[in-house]
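Chemist: sequence unknown, structure follows:
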């Protein structure tokens, strides 16, 4: 049995805003947190891996609830074009030329980036999730993966989802979700079918809903309904766990309707600002008891996968939107990336807190930095002052994957090189 | 004569979006850039300090055009309170108990934070600028410093400004500005007097204008004018160089009026979002030819002094405000922090570009990072993907102040310790 001790560490438990352990230890056996306590560890030290957390704050690892991780390869590609030209002239031709190897290289690059900025789980939607699953296993990160179901190819894509579901159903780290792309790219019949399969196999549904005004208009023209209504009427929400990215353009009726379902809204503030999609009404959703989590979206519309960066934008954008400097506090923002995110993936009894019996997904933030001084308000310093470069150590499922800022599972330089090579090869294929 | 060579480096000159030197060198003598060239340096190497810029991008150092640097001590202090309670119950009582030593410690902490995130100059407004000037000299950073002129104490504060002006008038790094706090905290007569003194001594005027709707309402009640009009009518703009922070609530007439003056608007997007003040109409100002620069504001309303973090918010907020994904491009955003900022301080022929004959204020950004891979669009990667932790080397006025991520001019750990001690002492004085 593997035993791991993190000692001399300040612990943010996420069990409540006031429940901080000023200095204590976390004792881990295999992949589980066995003991958390203030003070000094006095147990047996034989065969124990010890991490000195002095000067650090321990926090549950972040769960990035919406991304397309191989799109790291498209970072900065086609910048400055309006949305439709960007997709038609740049993104889609590029994506059509990606091989499985490229997707693996892009995914591994993104996973390294995520781990280095404190993310220990992510919900993904991309082609060739098998390659992404391999990258997850290699890095020992939790991946909730869904192949997009889109347009006419939906039957083949649904089969692919079920094949992957079968392959990974016993896996500790990789879980398969079902991922209808959106109500404007799936037919009503596809949405109905997805809802049914999700119910039969108990697959959480990961979808884009109401990202832009254009989408709302397209759907209104076709159905005389809102995007959220179309999905409801197709039975997508019935008995299913729904993780809906964006929801920027939900109206008040949509909000009142979705709150009765097991529905998580994934807020993607930086992508929504960068693509000029708008500001999601997060405060109103939360007031109505809707579970809200946080995601970065893909690197090509962000342009990074940094959840600390995302948390700052998340909070500031709500303060601006509601003209209220007290809206979406630092602590509540941290919840979007931890507790609420764990609920989104149906693991609220295992993830998102530092708690005895929970899985050991823990990050250590090095507070010995000029920009985190003084440590007056620890939540505020993490959400507003930090930039994601302070993550010193990352433990996922009990295993240390980043230690003293260094990735342990692969050669980072080589991963960067391979991603660069993949990018160059795709550009050559485009000629 | 000191000679410094940066070689094997990609150079962003900021002379035009396409004017990038893919691999070359920058040769510096004393405090000036003498030669910039593609390829390999073939001159004499005796007595030459050499920096290998391999894998790095050289860029003019950032100019933070609006801050209150000692407010690092108030980082996260009084978080989550509405504005007036925050000021009355927290900020003002704390500030009243700061000693000169505390201000020095807070300023040095902020300067270290700024240098580590690529800032080489800053425009400041705070009490005891003499202590801040000492910190600037110690760190070898350019400071454009103004003691706030506010309320009834204006005569004494004006004298203090002139005393500092006299002390630093020959200084290479520290320049004294005159800093009337705002049209709502200075009387009309004070604004008139400041305008006159600024003209007589050729002192640039650093002021807050139209930060909030409350300010606009207060001023309308008192004068039946806008804040920008009041300053104009007091003669503050006549023949003066004006650096106006915020300008969130400028109306269209204000914009048409200020464009005829030597007027720089300093955009502070993160502070304006965090305090729920609003989004400044930057795109409209720029369309009207107004010079716009960028600032972080103080660390207590941001909560860091990181210009890379600020650039991302700057661009994203304009895209959102104007519902246009192409608004305020990455390159134009970089200009706010360099070229336009140099114009703000009247040094457009000496700062803000990497150019022969210009002052050697240069930063090296380490691109060998997962989150800056691939380096497809270098401007986009700096503005949207970077987080400020990639600054490897900083040169100010020809002197290396940060090398291989390490501050050279002081002991960083000790500076952190002293700032923490100052914070604790102020809290004790509050009891």
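Modeler: Ah, there it is. This one's a predicted model, so the numbers in the text were calculated from it and none came from an experiment. Numbers count the residues shown, from 1 in each chain, chains lettered A, B, ... in the order given.

Chemist: Wondering if stretch A:285-295 reaches chain B at all.
Modeler: No. Counting by C-beta under 8 Å from any C-beta of the partner chain, chain B is not contacted by stretch A:285-295; separation bottoms out at 15.7 Å. For the C-beta atoms, the positions are set from N, CA and C on the backbone; glycine is no exception.

Chemist: buried set for that stretch?
Modeler: Going by neighbour count (16 or more other C-beta atoms under 10 Å in any protein chain shown), the buried part of stretch A:285-295 is A:285, A:286, A:290, A:291, A:292, A:293, A:294, A:295.

Chemist: what does stretch A:50-65 give?
Modeler: In stretch A:50-65, counting by 16+ other C-beta under 10 Å, buried: A:51, A:53, A:55-65.

Chemist: tell me the contacts of the residue nearest to the spatial centre of chain A?
Modeler: The centroid of chain A falls nearest to residue A:64 when counting by C-alpha atoms, centre = their mean (1.4 Å). Counting by C-beta atoms under 8 Å, 6 or more residues apart in numbering or on different chains, residue A:64 makes contact with A:114, A:119, A:121, A:122, A:123, A:294, A:295, A:296, A:305, A:307, A:337.

Chemist: let's see it at 7 Å
Modeler: With contacts defined as C-beta atoms under 7 Å, 6 or more residues apart in numbering or on different chains, the neighbours of residue A:64 are A:114, A:119, A:122, A:295, A:296, A:305, A:307.

Chemist: Can you lay out those residues as CSV showing distance to residue B:191 and pLDDT?
Modeler: Listed next are these as CSV, based on distance: C-beta to C-beta, whole Å; pLDDT from 0 to 100:
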residue, distance to residue B:191, pLDDT
A:114, 51, 98
A:119, 50, 99
A:122, 54, 98
A:295, 48, 98
A:296, 46, 98
A:305, 48, 98
A:307, 45, 98
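
Chemist: what's the spacing between residue A:257 and chain B?
Modeler: Distance, residue A:257 to chain B, using C-beta to the nearest C-beta, to the nearest Å: 26 Å.

Chemist: from what I can see that residue touches residue A:232, true?
Modeler: Yes. At 6.4 Å, residue A:257 counts as touching residue A:232 under the criterion of C-beta atoms under 7 Å.

Chemist: which residue ranges form the helices in the stretch 1-150 of chain A?
Modeler: Along the stretch 1-150 of chain A, counting by DSSP state H, counting those that start in this stretch, helices occupy A:83-85, A:92-95, A:100-116, A:129-139.

Chemist: closest point of the stretch 151-300 of chain A to chain B, which residue?
Modeler: In the stretch 151-300 of chain A, the residue that lies nearest chain B is residue A:273 (3.8 Å; C-beta to the nearest C-beta).

Chemist: and that residue, how many residues sit next to it?
Modeler: The tally of other residues near residue A:273 (other C-beta atoms under 10 Å in any protein chain shown) stands at 25.

Chemist: and it, what does it touch?
Modeler: So residue A:273 contacts A:317, B:316, B:317, B:319, B:320 (C-beta under 7 Å, 6+ apart).

Chemist: List the contacts of the helix or strand encompassing residue A:165.
Modeler: Secondary structure from DSSP states H and E places residue A:165 in helix A:154-168. Contacts with helix A:154-168, where a contact means C-beta under 7 Å, 6+ apart, come from A:129-130, A:133, A:146-149, A:174-176, A:178, A:186, A:190, A:197, A:201, A:203.
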